[in-house]
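>>> only geometry, no sequence info:
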């Protein structure tokens, strides 16, 4: 049997453009404030909130409220999220390699 096409390795939760961008930004190891993520990815509050919820449900990202007075939401990548991002990038590299043959 032939090896599966590299796209079989893509994860639908991670591969979506916005969620891939969130994970890539958070992969630096530092948590990011909601507004910084929103601005970096040119999203609305509602759109970012929805994508963070999907990533949280998949346990790829954790969020927490910090600060007094007007607390802000901070997001960070989880160990599971790092693994999922690494697997996604490996699948994309395999796809590029296959396309270049």
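Yes, it's here. On a predicted model such as this, the values are computed, not experimentally measured, just so you know.
>>> what confidence value was assigned to residue 1?
In this model, residue 1 is scored at 57, pLDDT.
>>> repeat for residue 5
You'll see residue 5 listed with a pLDDT of 85.
>>> the strands in the chain, which residues?
Remark: strands assigned in the chain by DSSP state E are 32-33, 61-66, 72-77.
>>> pairing partners for the last one, with directions?
Same thing as strand 72-77. Strand 72-77 has its sheet partners listed here by DSSP bridges as strand 32-33 (antiparallel), strand 61-66 (antiparallel).
>>> re earlier: looking at the strands of the chain, which is buried most?
Most buried of these, by mean neighbour count (mean count of other Cβ atoms under 10 Å): strand 72-77, with a mean of 18. Yep, even glycine has a C-beta here, placed from its N, CA and C like the rest.
>>> residue 16 is nearest to which of the strands paired with strand 72-77?
Closest of these to residue 16 is strand 61-66, at 13.1 Å (criterion: Cβ to Cβ).
>>> name the residues that touch the closest one?
Residues outside strand 61-66 that contact it (Cβ atoms under 8 Å, 6 or more residues apart in numbering) are 22-23, 26, 52, 55-56, 71-78, 81.
>>> which of the strands paired with strand 72-77 sits closest to residue 12?
Checking those against residue 12 by Cβ to Cβ gives strand 61-66 as the closest, at 15.9 Å.
>>> hang on, the earlier thing: next, format the strands paired with strand 72-77 as a markdown table and append mean pLDDT and distance to residue 3.
As requested, these are exported to a markdown table (pLDDT from 0 to 100; distance: least, Cβ to Cβ, whole Å):
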| stretch | mean pLDDT | distance to residue 3 |
| --- | --- | --- |
| strand 32-33 | 96 | 37 |
| strand 61-66 | 95 | 31 |
